[in-house]
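Participant: here is my input, please return the structure:
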Amino acid sequence: MKAMVLNNIVSLKKNNQPLNIVDIPIPEPKGNEILIQVSVCGVCHTELDEIEGRTPPKHFPIVLGHQVVGTVVKLGKETSKLKEGERVGVAWIFSACGQCKFCLTGNENLCNEFRATGRDVNGGYAEYMVAPENYAHPIPNFYNDAEAAPLLCAGAIGYRSIQLAQLKDGQKLGLTGFGASAHLVLKMVLHSYPNTPVYVFARKEAERRFAKELGAIWTGDTTDASPERLDCIIDTTPAWKPVVEALGNLDKGGRLVINAIRKENTDQDYLQKLTYPEHFWYEKEIKSVANVTGKDVADFLGLAAKASIRPEYQVFPLEEANRALLELREQHIRGAKVLRIK
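Facilitator: Take a look at the predicted model:
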């Protein structure tokens, strides 16, 4: 089968073609696994973190990709829920132990044995992949394959960010960064929190215009002061400057949720601008998002279909995965990027 593989950690500044297309054997599903013929796979900033070593894969070569949509074509001997021919999606969470205190309380995203799709095991930048049946999610008929892919990560982690923000209808929400996840958060908020005004901070004018088109009441640059203090802010960027600036825009008792697997080090010195009175006092809180649970994915897919939330996306052929990743790295973004596998 065709697959785009990463053979080692590289800097995208030095090598803008980190993935190579190769032929590898079709995997065989074992136990409770299913074999999926992949139709599409979303492209995520986390793949950049894997390529550049901020969250390194466990082995090489590795097939990246964790927003996978495809069809079940073969079942392991211990499967009991899915059938051949069903359309499913696989997200960042590939598996967890199922027995630790985190798994038993529904927080398997914190499990010490958490395995990530496309980092710890081969993912969806390929014609086929295997996945545990319990973490393969039926895709609502409302969506075509390319629409469904971004929902599995950008949407699910955005959904978890809203839960962690403890947002109440009518509170003022800020979004800093406006890419694949943030644009879905905005759509979710407009549906589920109709009295909540959304303020968007983004570096590029095109992203600010996009946010206004979707319903943000105000947009500004990352360093702009919002016209009002905000109750919650969700940060979806790979940088540190938005974190510092967001803390300065929070109201007393406000909460900042950082929706990122990793932060880059390029602007880490910006943290030196932090001061206790301006950024931390008055009971401000910071909460990080760590992965997603299976329930996050399932709940969000149901909500998205019910609310008719459709992502904006661009489609690339599998062979152009490097171009899609480079555009993401250079922040040429309007919605999500999706690879067409077949």
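Participant: sec struct for Glu245, please.
Facilitator: For Glu245, the assignment made with DSSP: H, G, I helix; E, B strand; the rest coil gives helix.
Participant: that one is in contact with Asp221, isn't it?
Facilitator: No: between Glu245 and Asp221 there is no contact under C-beta atoms under 8 Å: 9.2 Å. C-beta coordinates here come from the backbone N, C-alpha and C atoms, glycine included.
Participant: name the residues of stretch 131-144 that are buried.
Facilitator: Using 16 or more other C-beta atoms under 10 Å as the test for burial, stretch 131-144 gives 131-133, 135-137, 139-140, 143.
Participant: nearest to Leu110, of the residues you listed?
Facilitator: Nearest to Leu110 among the buried residues of stretch 131-144, counting by C-beta to C-beta, is Tyr135 at 15.6 Å.
Participant: and that closest one, its phi and psi?
Facilitator: Backbone torsions of Tyr135, given as degrees, to the nearest 10, read phi -110, psi 20.
Participant: repeat that for Asp231.
Facilitator: phi -80, psi -40.
Participant: for it, the count of nearby residues, please.
Facilitator: Per other C-beta atoms under 10 Å, the neighbour tally for Asp231 reads 21.
Participant: with adjacent residues omitted, what lies nearest to it?
Facilitator: Leaving aside its sequence neighbours, Asp231 sits nearest to Gln171 (C-beta to C-beta, 6 or more residues apart in numbering; 3.9 Å).
Participant: about what we covered before: so what's in contact with Glu245 and Asp221 at the same time?
Facilitator: Phe201 (C-beta atoms under 8 Å, 6 or more residues apart in numbering).
Participant: out of these two, which sits in the busier spot?
Facilitator: Legend: neighbour count by other C-beta under 10 Å for Glu245 and Asp221, higher for Glu245 (23 against 12).
Participant: using PDB, write down the CA coordinates of stretch 96-115.
Facilitator: Provided in PDB are the C-alpha atoms of stretch 96-115 (Å, rounded to 0.1, in the frame of the first residue of the first chain):
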ATOM      1  CA  ALA A  96      -5.300   3.400  26.700                       C
ATOM      2  CA  CYS A  97      -4.900   0.700  29.400                       C
ATOM      3  CA  GLY A  98      -8.600   0.800  30.600                       C
ATOM      4  CA  GLN A  99      -7.600  -0.100  34.100                       C
ATOM      5  CA  CYS A 100      -5.900   2.800  35.800                       C
ATOM      6  CA  LYS A 101      -7.500   5.500  37.900                       C
ATOM      7  CA  PHE A 102      -7.700   7.800  34.900                       C
ATOM      8  CA  CYS A 103      -9.300   5.300  32.600                       C
ATOM      9  CA  LEU A 104     -11.800   4.200  35.300                       C
ATOM     10  CA  THR A 105     -13.000   7.800  35.700                       C
ATOM     11  CA  GLY A 106     -13.300   8.600  32.000                       C
ATOM     12  CA  ASN A 107     -10.000  10.400  31.800                       C
ATOM     13  CA  GLU A 108      -8.100   8.000  29.600                       C
ATOM     14  CA  ASN A 109      -6.500  10.900  27.900                       C
ATOM     15  CA  LEU A 110      -4.300  11.100  31.000                       C
ATOM     16  CA  CYS A 111      -3.400   7.300  31.100                       C
ATOM     17  CA  ASN A 112       0.300   6.500  31.400                       C
ATOM     18  CA  GLU A 113      -0.200   4.000  28.700                       C
ATOM     19  CA  PHE A 114      -2.000   6.400  26.300                       C
ATOM     20  CA  ARG A 115      -1.100   5.700  22.700                       C
END
